[in-house]
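*Asks:* all I have is the shape, not the residue letters:
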């Protein structure tokens, strides 16, 4: 379904400060996340008529505007709630990480040939690494960072950054539900088939999963995210 109409309002509360009861983060972030994936679906269909391209460009700019607005609110987030200072800082950090990851995803949607060495993407990754280094993401039952961490890992260029993101994904597996645990495990397995380079990706020698992997750049998985759900990459949403 490409035209969601009022479905967004039904899926996500109009209260901008409301948290999702099943995703663990703030509703506005998930609205942007869902719309970004709808935009990805549209753009990867190869629609070439001028009106479709203009519509997609408008949607991209609108999503970027919403991320700017969400980021501007981060300093005041959660202070009206009965939370400890430690929890407030944790939730702010998770919110900021989700925004950074969505910026990376939108960059890749707008520029399908975008590389992990592009300056804007490296900047977002660097900022995420700074936030995440000392952050314990193991909040029982909260899967809010599953997709953001996957995006950041796909787009990371430095080995130590990729190792950090995947280590945090591993940490999350011990505290989330079985469905999210399986998705985290699958994404790690698919990404581990490859090593990111400035010009693309090469299979990891000696990895017995290589027979199921392609030599596309790891960041290119963001254009085909269904491949992160299974080593069987023949599945497509088209």
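*Replies:* In hand now; what should we look at? Because the structure is predicted, anything quoted here is derived from the model rather than measured.
*Asks:* hmm, residue 91 and residue 78 touching each other?
*Replies:* Yes: with contact defined as C-beta atoms under 8 Å, residue 78 reaches residue 91; the gap is 5.3 Å. Glycine gets a C-beta too; all of them are placed from N, C-alpha and C.
*Asks:* just the helices in this structure please.
*Replies:* For the chain, the helices defined by DSSP state H cover 7-11, 27-44, 50-73, 85-110, 119-132, 146-155, 159-173, 178-191.
*Asks:* and these: which comes nearest residue 139?
*Replies:* helix 85-110 (7.3 Å; C-beta to C-beta).
*Asks:* packing partners for that closest one?
*Replies:* helix 27-44, helix 50-73, helix 119-132, helix 146-155 (3 or more C-beta pairs under 8 Å, 6 or more residues apart in numbering; DSSP states H and E).
*Asks:* what about the closest residue to residue 78 other than its chain neighbours, distance to residue 46?
*Replies:* Distance criterion C-beta to C-beta, 6 or more residues apart in numbering; nearest residue to residue 78, sequence neighbours excluded, is residue 88 at 4.6 Å. From residue 88 across to residue 46, the span is 45 Å (C-beta to C-beta, to the nearest Å).
*Asks:* tell me which of these two has more neighbours.
*Replies:* Set side by side, residue 88 and residue 46 show more neighbours around residue 88, with 14 against 8, by other C-beta atoms under 10 Å.
*Asks:* surely the more buried one is in contact with residue 82?
*Replies:* No: the criterion here is C-beta under 8 Å, and residue 88 misses it with residue 82 at 10.4 Å.
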